[in-house]
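Student: 3D, please:
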Amino acid sequence: MHLWSTHITEEHYDDIGELKAIGYDGIEVFLADPDRKGYVDLGNFLQSIKMEVNGCLGLGPDQDPISKDPEIRQAAVDKIKEAIDNMHAAGGKNICGPFHSAFANFSRNAPQEDEYQRSAEVLHEAAEHAAQAGITLTPEALNRFECYLCNTMAQLKKLVDMVDHPNLRGMFDPHHANIEEKSFAEAIDTIAPVMTHVHISENDRGTPGAGHIPWDEVFGSIAKTGYDGWYYIEAFSRDDVDFANAINVWREFNSRMDICRDGFAFTKAMIEKHQRQ
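Tutor: Numbers count the residues shown, from 1 in each chain. Below you'll find the model as predicted:
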């Protein structure tokens, strides 16, 4: 639902129904809004049409898990716990996103070992809370222009291993891997032991299959790992101007429903193709 807004309300229910008609089994929503009732209402609506929900979370510099300031790290723990409670209220089982560190907050140094350690401590405490709600946390590696702690699957796998908690796993997103990894296949093999979530995102954030991501390599490599989890299309628009500005989306890539319709058909065909091989 990132194509629509970071705040999903009743006004989006008709669009969600249209996604259901296309064939989607679930939606992914941003968890920035603290309004608990909105998540309860969304969960009830999704349950009524037999759709599932996944959450996505990013953190700002005042909630940075790698900060030296303990009050800022505690704010990170509190924000992730709030997101867990809201996801639980909506009936979701997974929260993805770059909450290992603050979005676009740079130190002007390479990532330091004490920063990994501070992030791991915050995420372990959050994972303990997630376990009580039956939710899995799947932090996401982003490209170098959006964070610096985890740009690659090797860095993300290192952090997941440091957290060492069954409710904290990893995910793969080809948009970021297209910038940071030398090989999609090697990146997927690296994260495969802990991979429980996958984004399908084109190089320009438009319709999957319409750009230059080597999708046969991506889907083929994922299939070889035996992955049987969710595939969520992640694309963006400028409909929510504040969100678009925050993530540096400055133009429309394709029409919103074309992305949803064509991206679904492409993703389904690629999964079926590589599962047969």
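
Student: need the contact list for the nearest residue to residue 104 once chain neighbours are set aside.
Tutor: Distances taken as C-beta to C-beta, 6 or more residues apart in numbering place residue 146 nearest to residue 104, at 5.7 Å, with adjacent residues excluded. For every residue, glycine as well, the C-beta is placed using N, CA and C. Shown in contact with residue 146 (C-beta atoms under 8 Å, 6 or more residues apart in numbering): 98, 103-104, 176, 247.

Student: Sticking with residue 258, tell me its helix or strand.
Tutor: Secondary structure from DSSP states H and E places residue 258 in helix 256-276.

Student: contact partners of that helix?
Tutor: 3-4, 18-19, 22-24, 200, 206-210, 215-216, 219-220, 222-223, 231, 233, 235, 237, 239, 253-254.

Student: swap in stretch 113-126?
Tutor: For stretch 113-126, contacts defined as C-beta under 8 Å, 6+ apart pick out 65-68, 73, 76-77, 80-81, 84, 99-101, 107, 137, 139, 149, 158-159, 162-165, 168.

Student: Just the CA trace of that stretch, in PDB.
Tutor: This file holds the C-alpha atoms of stretch 113-126, laid out as PDB (Å, rounded to 0.1, in the frame of the first residue of the first chain):
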ATOM      1  CA  GLU A 113      31.400  -2.700  15.600                       C
ATOM      2  CA  ASP A 114      29.900  -0.900  18.600                       C
ATOM      3  CA  GLU A 115      27.100   0.300  16.300                       C
ATOM      4  CA  TYR A 116      26.300  -3.300  15.300                       C
ATOM      5  CA  GLN A 117      26.400  -4.200  19.000                       C
ATOM      6  CA  ARG A 118      24.000  -1.400  20.000                       C
ATOM      7  CA  SER A 119      21.600  -2.300  17.100                       C
ATOM      8  CA  ALA A 120      21.700  -6.000  18.100                       C
ATOM      9  CA  GLU A 121      20.800  -5.100  21.700                       C
ATOM     10  CA  VAL A 122      17.900  -3.000  20.700                       C
ATOM     11  CA  LEU A 123      16.600  -5.600  18.200                       C
ATOM     12  CA  HIS A 124      17.000  -8.400  20.800                       C
ATOM     13  CA  GLU A 125      14.800  -6.500  23.300                       C
ATOM     14  CA  ALA A 126      12.300  -5.800  20.500                       C
END
